[in-house]
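In: Structure for the following, please:
(one chain, ligands or ions: 1)
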Amino acid sequence: MAQSYKLFTSCLWQTTSAVVSTEQRLYLFDPAYFPNEVEAIADYVQSERNGRELVLVLTHGDWDHVVGVGKFPDATVIAQKEILTAGRIEGKLNKAKKFDGSYYVVRSYEVGMPKFTKLVEDAQDWQEVFFLPVPGHTPDQMATLFREQKLLVVGDMLSNLEFPFIDDSGAYLESLEKIERLVLQGEVEEVIPGHGVPAKGREEILHRIERDRQYLVDARAVVFEGIANNVEEDVLKEKFSQLTYDGVSIDEHLRSSHDQNRDQLCKEAISQKG
Ligand SMILES: O=c1ccn([C@@H]2O[C@@H]3COP(=O)(O)O[C@H]3[C@H]2O)c(=O)[nH]1
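Out: Purely as a prediction, here's the structure:
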């Protein structure tokens, strides 16, 4: 099948904005980030739309993914319902405003609260897509499956650039499993992550799933067993820093994210211990 989408990639973190065309609608994911990049996406949407409904889907509420919504005032806006958890999106929008302020980024539209048309609670079919909540990186993350194209837009997971950035490791593992099931059933042949380049074909997708799962399992083992056995903090930190991802030691520029994962897992282990 010919490629049925166009992918825009921001200079900030290689954040992706996919535009997927179906017969009746144009779907736009996470328009990001800098004003000229969002303008280019808007121009493309305008040229391709041909009177069709524009459906803007937020994969999750992180600031780098939600900043461009105001540029598309007549879109049908859809997200997972957790995005509205008390104060969550407001905090993220403030982070975007703070970033823009400190780097003198000026926009022609307001970075404000999106007007949601639909909030997704559970996995469900909607028009020509299937919405699947995939929490783990954030509680509000949601994947969208284009059934005919066998294309899955997942948000911040299964990236070629990085290991999982964890908010809830148990939920993350379950979300990987849900996606793996779809792949094994032959329902997904391409995955678009929130950062980096798409994974094409079963083998590459399963590889990305497996290396993310292995990292999560190894990281949980170090922290959960360490805390259960009252291992000294310095020893645990040292052991955690020696973890690898896909057989390679953790990249210098991802060290702080790796350390944040350790802190998150410590919280999970302590709350489990009671
Ligand atoms: O390549 C990247 C870049 C960023 N992120 C996430 O986006 C979040 C934005 O807010 P934050 O800066 O507090 O944390 C960031 C990360 O959780 C990601 O998953 N992959």
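In: Would you mind listing what in the stretch 101-250 of the chain touches the ligand?
Out: Proximity of the stretch 101-250 of the chain to the ligand (C-beta under 6 Å from any ligand atom) is limited to residues 156, 162, 165, 195. To be clear about C-beta, it is placed using only N, CA and C from the backbone, and glycine gets the same treatment.
In: Take the residues you listed and lay them out in TSV including neighbour count and distance to residue 219.
Out: Converted to TSV, those look like this (neighbours: other C-beta atoms under 10 Å; distance: C-beta to C-beta, whole Å):
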residue	neighbour count	distance to residue 219
156	26	17
162	21	14
165	20	12
195	23	19
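In: need the contact list for the spatially closest residue to residue 31 that is not a sequence neighbour.
Out: Of all residues not flanking residue 31 in the chain, residue 68 sits nearest, at 3.3 Å (C-beta to C-beta, 6 or more residues apart in numbering). When contacts are counted by C-beta atoms under 8 Å, 6 or more residues apart in numbering, residue 68 touches 17, 30, 31, 32, 33, 38, 41.
In: let's see 10 Å
Out: Residues in contact with residue 68 (C-beta atoms under 10 Å, 6 or more residues apart in numbering) are 10, 17, 28, 30-35, 37-39, 41-42, 56, 96, 107, 109, 111.
In: and it, what pLDDT?
Out: In this model, residue 68 is scored at 98, pLDDT.
In: ditto for the one 3 residues further on
Out: Confidence at residue 71, expressed as pLDDT, is 98.
In: isn't it right next to residue 41, touching?
Out: Yes: contact criterion C-beta atoms under 10 Å: residue 71 and residue 41 qualify, at 7.8 Å.
In: Give the residues shared as contacts by the two.
Out: In contact with both residue 71 and residue 41: 28, 31, using C-beta under 10 Å, 6+ apart.
In: hmm, back to that, for residue 178, see how far away the residue nearest to residue 31 is.
Out: Counting by C-beta to C-beta, to the nearest Å, the separation of residue 68 from residue 178 is 28 Å.
In: Same question for residue 237.
Out: 32 Å.
In: With neighbour numbers in mind, choose between these two.
Out: The residue with more neighbours, out of residue 237 and residue 178, is residue 237; 16 against 13, by other C-beta atoms under 10 Å.
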